[in-house]
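>>> Any chance you can model this:
(chains A, B and C)
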Amino acid sequence: MAVATYTSILEWINFNNPYDNPFTPFLSDNLPYDIAYGLWEILGGTLAWLINLLFPNNVVSTWLLCDEVCVLMSMLVFMLLIFIVAFVVVLLNLWMERKVLGRVMDRRGTMVGMKGFLQCVADGLKTFMKENTIPSKVDKMTYIWCVSLIVGLSCLVACMVPLSDRWYVVNYDSGLLIIMAFYALAPFFILVSGWAQNNKYSLIGGLRAAELMISYEVPMLIIIATTSLLCGSFNINAIVAAQSEIWFFIPQFLGFIVFFFCAIAECERPPFDIAEAETELVEGWQTEYAGMKWGLIMLGDYLRGSVSCGMVAIMFLGGWTIPFIGGTAAPEIVFLIKAWFVFFLMILVRGAIARVRPDQILNLGWKVFMPLAVINLAIVLLLKIGGVY
Amino acid sequence: MAWTYLDKYPKNLAKSLWIMKPVITVTKLFFKTMVHRPVTVLYPYEKEWVPDNYRGRPGLDFDKCVGCGMCARMCVTQAIKLIEVDDDNGNKVMRPQVNIGRCAFCGYCAEYCPLDAMTVTPEYELAEYTRYDLLYGPRRLKYDKTTEGMKVKLEVTLPSDVANGNPERRVCIFDIDKPELNDAKCIGCKKCAKSCPVSAITMVEKGVNDKGKPIIRPEFDNSKCISCKNCVDDCPKDALQIKEVL
Amino acid sequence: MTDSLVPVLEAQEKMDTDKMWVIWGPQHPFSHGLWTLKLKIDGEFIVDADPIVGYLHRGWEKETENRDYARIIPMTDRLCYCASMTYSHLYCMTVEKALGIDIPEKAKYIRIVADEVCRIQSHLMWLAAVGTDLGNLTVFLWAMREREYFLDLNVKLCGARMTTNYPRIGGVRNDTTPLFDRDILRTVERFEKAMWDIIYLIDDSSVFVSRMKGISYMTREQCANLGLTGPAMRGCGVDFDIRRDDPYDNYDKVNFEVPVLNKEKKVGDTYDRYMIRIEEMFQSCDIIKQAVQKINAIGKNAPYRLKTPTKVPAGTTFGRLEDPRGESIMYLVSDGTDKPWRLKVRSPIFTNVSCSKAMCDGIRIADVPAVLAQIDMCLGETDR
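Predicted coordinates for the structure are as follows:
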């Protein structure tokens, strides 16, 4: 490696195009990885250059810039980048919920700094500063691990949602299934944490979460199957590409409505927040969690909420494409705008209707959503047989 | 029987698509508040208009007050205490001091003040750092922008006037209720004269008794009297009573 | 059941571990104030309920015995912050009855107006609570927004929003302020339009309706036996309203209908109890309009406050009136001095809350806030 002759820091790295690196984990264009690689070019290059200035031709500089380490370090930056984007999207969701809900209720919403955006930061800081209390009679291991698992799964699934065909983590052929599988995992830990807290409210809340899950999960999965039937693939890119002419929202309108409400139930937002119904169960399964743990659970809830919106946007609203135009310069923004629109609808539903009773959710799931999902499947089958798709 | 609401409800909600109407109502208001402003006010910066008779903290006109203690007597929470202060001429006078921490904002002190020296004021931001700061002394109670509407008048109609067919006549109870002396009980101790805040009572000699000592009896100047009942309260022998005119 | 089974059943009762007591309160988001509801639940269903009140007891009745009659009026405001006007009215009415005086016509109509404004704002407060209890904050804020206009009316009338201290023994504190009739008619007309938005939000929403419909049936007999009064009772088919059946203060001279549901069925559910209050608000608007007309017809210079003696003759007096929440009663024992010897308050909620066992029988956990919201709890008057 010609360390001595260089014209810019960027030349310290062996491959200016990250995909020339033989160890690159991605087969196609990936924007966050590009950015991460570029960042490592600057950061690692500067570091190696500085070390090389002090100790010429040392091993560390060479190691820092070798192919494998470049990929490793860019992957670390890539992870951070993906998470930070998901996190900022959630903060914007939170801000939007506060503001829109405020306007719906004829008030102003939060007013703390930057039109209320800093309220999220203040809340985070407040939960962070609070004392980490653990009640004496809880089952400590499950109590703490459940939080980690719920929050971790929520973060994982939020990071797995692609923002466009160039902004993704993994491009599986079974991407939709994987996301939905991870997505449906969190309520199990809600049930377990409800048991672990040794509190009657939490117990009822956890059981209610299970009750909620068995009611919405089946129609939801039927609709996912229907969507993949319509486009012939579980791959998210393929699903979005199939909607380049007409959004799936039109052929499976019933499916859209059912999936929308199931998505609300999935992230336990009002009106389906029976597991943490505060007038009945104080805070449901979160009753014993305080401080940062509660803050993280809240963050996890909203991460799952943004995943719900993203899934609705991908499956029914054409993802990051615009009909008749196709791709744009910034497909991520198009996708996020669609996801935020779905979230806006969720906020309106939250503002308009009350909490549903647990037995009514069961009725709704099995007697309304389930038949509708099956009818939706039949319509799609007819379209498929008729040769429309 | 015409009902406004019960005639229309309950109704078949399947016709309005179960939850469509509330969602539409909410959306309508959302767009309305996006264009216009919401009804809420940004409190520390914007304040709502309050009428003159708004019952904030009590206010006091120091010079008008005579220190009769009617406010302290009527106060429901014993928030008012009479304290001794210097007036403008350096004389010691009694004036009310209000403990805002106890004040119930009922407006009785303003209503029952015989001279309308106590008023209500529209001041309602009264937070302080210490409890001591909540004590409003007579000078601090002053409110500069006192208007006529802040002086709560206690005007009543006498039942006798209503019976006589003259119901429009209104009187202040302080103009008609006057103290009355039970001569047999009085021992001439002069306590009433001392306690009278407006010096309406003069002690007058009325002959001598069996032992040759002078008999002193109070005499009331009804034009000065504000019927504050101080003399009644201070009389050790219950010789004085307020005569209620009905 | 044979005798041999009894010990077995008793043992089962002791070993009955699938039922558990859940204690709601005194600091629970559903309890409006400090009270506790102990619920015995069997899965989702409630098999037993036990209300516990008394956390806010402050010796109100004893306190009145050390005050002269005029200085009790501000205390009656503090019984319930939503029904301050009606409680002051009730107290003044009772003392007037003891004194045997008849207050001026104008004062009576002003009191009617003040009472009905109080009733509307109290019902709006209840509506707000129903919204949050069922999990919707929009109803809460919209109802509070409407309530604010009526509180502004209180400010214009007497200078305070909630603890009004307005009725006096022998009349009212002050005459109606200038333009008050214009303001109140505007507010009422505005309210009659704006109220429909909240109704659309609740009655046109299948979620709200299905959560209230068909749960917690109360029969007429239960109402009578348990002492349930007020709108909750009228929703169960009992046609009784003190304003109409035992009229006080010129309520017999205004035209209004008492909303009653299920007169034939004689049994009502939570939704019926809810509907009664909504209709009552509209009826109150009608009463206000009529009473304001009457006030204007009486004229400006008419007397509004009579002078009354400070001492009440010895005897016992009983006054009752239709509170927004039910039937409130004051029982006054006077001994001829300027202080009452005893003043007993019968709070409607204290009696209504004892129905919670009957109301909660067999409903689900999630129904409890919906059902008990119809009681419209206010702990200030319950515990006194």
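
>>> Tally up the residues packed near the closest residue to chain C within the stretch 51-200 of chain A, please.
Here the stretch 51-200 of chain A gets closest to chain C at one residue, A:M105, 4.0 Å apart by Cβ to the nearest Cβ. Heads up, the C-betas are built off the backbone N, CA and C, glycines and all. Neighbour count of A:M105, defined by other Cβ atoms under 10 Å in any protein chain shown: 25.

>>> ok, now how distant is it from C:S122?
Using Cβ to Cβ, to the nearest Å, we find A:M105 at a distance of 21 Å from C:S122.

>>> what does C:K344 give?
22 Å.

>>> The two: which is more packed in?
Counting neighbours by other Cβ under 10 Å for C:K344 and for C:S122 shows that C:S122 has the greater number, 26 against 14.

>>> Can you tell me how far that one is from C:E148?
Distance from C:S122 to C:E148, by Cβ to Cβ: 14 Å.

>>> Is C:I169 in contact with C:A70, as I believe?
Yes. If you go by Cβ atoms under 8 Å, C:I169 and C:A70 touch, sitting 6.7 Å apart.

>>> B:C109: what's it in contact with?
Going by Cβ atoms under 8 Å, 6 or more residues apart in numbering or on different chains, B:C109 touches B:P58, B:C71, B:M74, B:C75, B:I80, B:P96, B:V98, B:M118.

>>> Whichever helix in chain B runs longest near chain C anywhere?
With secondary structure taken from DSSP state H, chain B has its longest helix at helix B:20-35. Yes. Judged by Cβ under 8 Å from any Cβ of the partner chain, helix B:20-35 and chain C are in contact via B:K21, B:P22, B:T25, B:V26, B:L29.

>>> Which of these ranks first by neighbour count?
B:P22 (30 neighbours).

>>> Look up the pLDDT of that one for me, please.
Note for B:P22: predicted pLDDT of 89.

>>> what's downstream of the longest helix belonging to chain A, the next helix or strand?
For chain A, the helix with the greatest residue count under DSSP H is helix A:67-104. Remark: after helix A:67-104, the chain's next helix or strand is helix A:118-129, criterion DSSP states H and E.

>>> tell me the contacts of C:L99?
C:I169, C:T308, C:P309, C:V312, C:P313 are the contacts of C:L99 under Cβ under 8 Å, 6+ apart.

>>> mind running it again at 10 Å?
By Cβ atoms under 10 Å, 6 or more residues apart in numbering or on different chains, the residues touching C:L99 are C:Y69, C:I169, C:G170, C:L306, C:T308, C:P309, C:K311, C:V312, C:P313, C:T317, C:S334.

>>> Name the nearest of the residues you listed relative to A:E245.
C:I169 (81.1 Å; Cβ to Cβ).

>>> Show me which residues of stretch C:57-75 are buried.
Residues of stretch C:57-75 classed as buried: C:W60, C:T64, C:R67, C:D68, C:Y69, C:A70, C:R71, C:I72, C:I73, C:P74, C:M75 (neighbour count, 16 or more other Cβ atoms under 10 Å in any protein chain shown).

>>> Over to stretch C:308-317?
C:T308, C:K311, C:V312, C:T317.

>>> One more: stretch B:238-246?
Applying 16+ other Cβ under 10 Å to stretch B:238-246 flags B:A239, B:L240, B:I242, B:E244 as buried.

>>> distance between the ends of that stretch?
22 Å (Cα to Cα, to the nearest Å).

>>> The contacts of C:L99: which two are farthest apart?
C:L306 and C:S334 (18.3 Å).
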